[in-house]
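1. no FASTA, just this:
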DNA sequence: AATGTATGTTTAATCGATTAAACAAAAAAC
DNA sequence: GTTTTTTGTTTAATCGATTAAACATACATT
């Protein structure tokens, strides 16, 4: 009843040869290992007949390679990461790799867990979207000589391969775009995080103000905690609006912040962009559906994911090749939510 | 430099015992195998010192269990499936399982590929969101005695475990809700697919009309192909609006159809719900952000995912337990996009 | 005939863990 | 003082594949 699995041995028995020959033939080594032609044909035929499928566990145990990549992201249910995951999945598959995905929820702890579990499962390498305070993990991987590539975020003080976004430039562009459109009081809602990419977004934003001689007001910048974004965003926006220098434009540093913020802005009855212009990082179909299409920072997602896989695979082949550190440029997609202000007369 | 991996053997050597003892101790079998207490302590200590991490490949090869679940969904970058994936990931982890995810893009071919690859990697079982024409795959798994649970979709004529939605009821409710709100000409945009859940949605919709004595018009039902949704939805909506019985309300059979359709509706300058009321399957943040919150069919995502994992794990423990076939009920979340029509006077 | 070379196939170790069975020494029973 | 039982430990097979090395022929060369 239960057709059990067909192994090399089964084929060998049926063909009346040793497993060695079967292995050679099925791995296309009949030439190098000078297997008899007739036997080779016979083995192939039997393998097909029995629908032989090699056991990758055994293969991996022997070879020390699992052809598996561990992908650690913040949260697969976040469209940004889901998109990345899909791209990584496809690229990996093209190269004969399978991907195991884990969500860290932006915590170093879960990220550690995932790394441990994935290492026990002998993944060949990692693609990691780092959480705050996870430097220790990175050092551990380096020390253990585990190949990995950081994606979307990196630690400038740790020499690693990475592929991420030029966040400073992207944020600077976002700010400048609004300023050019006539907006003067520009707020930023970011995560409260020491992660470099976030700090860079803040720095880029501030620099855009500075560069255009707009004095920065502390109440324009709100950094919210990962676990309290809903409440904190409300407070932040309230403060920004109540300020003596009430904001007329708002930048969101990530997709999730934007979604949450926009819901609140809607509930306040504010009109975009008349009452409040909007620019956001990340892109998503939600932005297209909004009554006023949202201006966003277009990240080269496909390139990000694809490049990360490429670098990792390159590294798996040549472990000691030079470190690749790639900062990709974002493109501001200007749409209605940040259209130039009607001149005040 | 390269700290290489610590194996049982390394511990055994350091402790001057055989690997058997080490294995017994580290698997908590010191009692049954009557390992000397002092030795046991020593072994544990050395294991900790060397930070021993077992090689799951070896364990799995020996035991025939990988503690891995293969999850096949249509597309991880679709928020609906991404959410499901996250829930499955978390539930599986709670039970000591790891999940490998693959996207089939609704094609039987890719689904076959994934099943093959995952089987070669010796997954213990599958959770599958089936594609059209994939019955053969299901039969194959049954024949091979591979444990699996179908999720979100099932084949009524094949006896399998499954967890899905009562699509007929959900669609019926959606239609009835609109009719009660005074809408008379109600369209449905669905996928052109023989998959049971899709046919049930169509049937439920038609039955709601019938039940309220509204004669069905062929132009009210548009079934679009998976790969041509954009163009076909346009044609479909155009036809529905141009009809002698122009629709005043529209149901979308999935989240992606809704997103695509709403974009087109926006571009036509139609107002929801004044010009066209909307009800959609699936839920997503995009719906909250729409200028007029979209009425949707709330699927018990968490329950769906959790139950699928539970059934699968149960099945892994007791392969011959009875088949679980679960149809969950959806809940219509009425919002502005389908508010009752202002009475015509 | 002796030696060398080419061709074809098998043997056995290996990857890292598990575990039944064998073995050895100490303790208990008669 | 044997025999039996208990306790503690090792041996070796196993999971399914890979592959260097050994082996066994046939054929060619001198």
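-> Yep, that arrived. Bear in mind the structure is a predicted one, so any value in this text is a computation, not a measurement.
2. hang on, residue A:200 in a strand?
-> No: with DSSP: H, G, I helix; E, B strand; the rest coil as the criterion, residue A:200 is helix rather than part of a strand.
3. Run through the residues of the stretch 201-345 of chain A sitting next to chain B.
-> Within reach of chain B by CB under 8 Å from any CB of the partner chain, the stretch 201-345 of chain A has these residues: A:259, A:262, A:263, A:266, A:284, A:285, A:286, A:288, A:289, A:290, A:291. For every residue, glycine as well, the C-beta is placed using N, CA and C.
4. May I ask which helix or strand encompasses the first one?
-> For residue A:259, the host element (DSSP states H and E) is helix A:255-267.
5. secondary structure class for the nearest residue to residue A:336 once chain neighbours are set aside?
-> Nearest residue to residue A:336 in three dimensions, chain neighbours excluded: residue A:292, at 4.6 Å (CB to CB, 6 or more residues apart in numbering or on different chains). Taking three-state DSSP as the rule, one finds residue A:292 in the coil state.
6. Please tell me I have it right and residue A:292 contacts residue A:277.
-> No: contact criterion CB atoms under 8 Å: residue A:292 and residue A:277 do not qualify, at 9.7 Å.
7. Point out the other helices and strands that the helix or strand of chain A with the lowest mean pLDDT packs with.
-> Lowest mean confidence among the helices and strands of chain A (mean pLDDT, DSSP states H and E): helix A:285-289, at a mean of 84. If you count contacts as 3 or more CB pairs under 8 Å, 6 or more residues apart in numbering or on different chains; DSSP states H and E, helix A:285-289 packs onto helix B:255-267, helix B:285-289.
8. Reformat the ones you listed into JSON lines and put distance to residue B:158 and mean neighbour count next to each item.
-> Formatted as JSON lines, the helices and strands packed on helix A:285-289 follow (distance: least, CB to CB, whole Å; neighbours: other CB atoms under 10 Å in any protein chain shown):
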{"stretch": "helix B:255-267", "distance to residue B:158": "26", "mean neighbour count": "21"}
{"stretch": "helix B:285-289", "distance to residue B:158": "34", "mean neighbour count": "21"}
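9. between these, which has the poorest average model confidence?
-> Mean pLDDT values for the helices and strands packed on helix A:285-289 show the minimum at helix B:285-289, a mean of 84.
10. Report the buried residues of the next helix or strand after it.
-> Sequence-wise, the next helix or strand downstream of helix B:285-289 (DSSP H and E) is strand B:295-298. Across strand B:295-298, burial judged by 16 or more other CB atoms under 10 Å in any protein chain shown covers B:295, B:296, B:297.
11. strand partners of strand B:295-298, parallel vs antiparallel please.
-> strand B:277-281 (parallel), strand B:331-333 (antiparallel) (DSSP bridges).
12. Mind listing residues that contact the first one?
-> What it means is strand B:277-281. Here strand B:277-281 makes contact (CB atoms under 8 Å, 6 or more residues apart in numbering or on different chains) with B:170, B:174, B:177-178, B:181, B:183, B:201, B:248-255, B:257-258, B:262, B:265, B:272, B:287, B:294-297, B:299, B:332, B:337-339, B:341.
13. confidence score at the residue of the stretch 101-250 of chain A found nearest chain B?
-> The minimum distance from the stretch 101-250 of chain A to chain B, using CB to the nearest CB, falls at residue A:145 (4.4 Å). Per-residue pLDDT puts residue A:145 at 92.
14. Would you mind confirming that it is in contact with residue A:320?
-> No: Residue A:145 is beyond contact range of residue A:320, at 9.9 Å (criterion: CB under 8 Å).
15. Mind jotting down where the strands sit in the stretch 201-345 of chain A?
-> Along the stretch 201-345 of chain A, the stretches classed as strands by DSSP state E, counting those that start in this stretch are A:221-224, A:249-252, A:277-281, A:295-298, A:325-328, A:331-333.
16. Got the domain ranges for chain A?
-> A:8-54, A:66-165+A:301-329, A:167-299+A:332-338 (automatic domain parsing).
17. Let me know which of those domains is the nearest to residue B:102.
-> Among the domains of chain A, the nearest to residue B:102 by CB to CB is domain A:66-165+A:301-329 (7.1 Å).
18. for the nearest residue to residue A:141 once chain neighbours are set aside, phi and psi?
-> Excluding its sequence neighbours, the residue lying closest to residue A:141 (CB to CB, 6+ apart) is residue A:148, at 5.3 Å. When read as degrees, to the nearest 10, the backbone of residue A:148 gives phi -160, psi 160.
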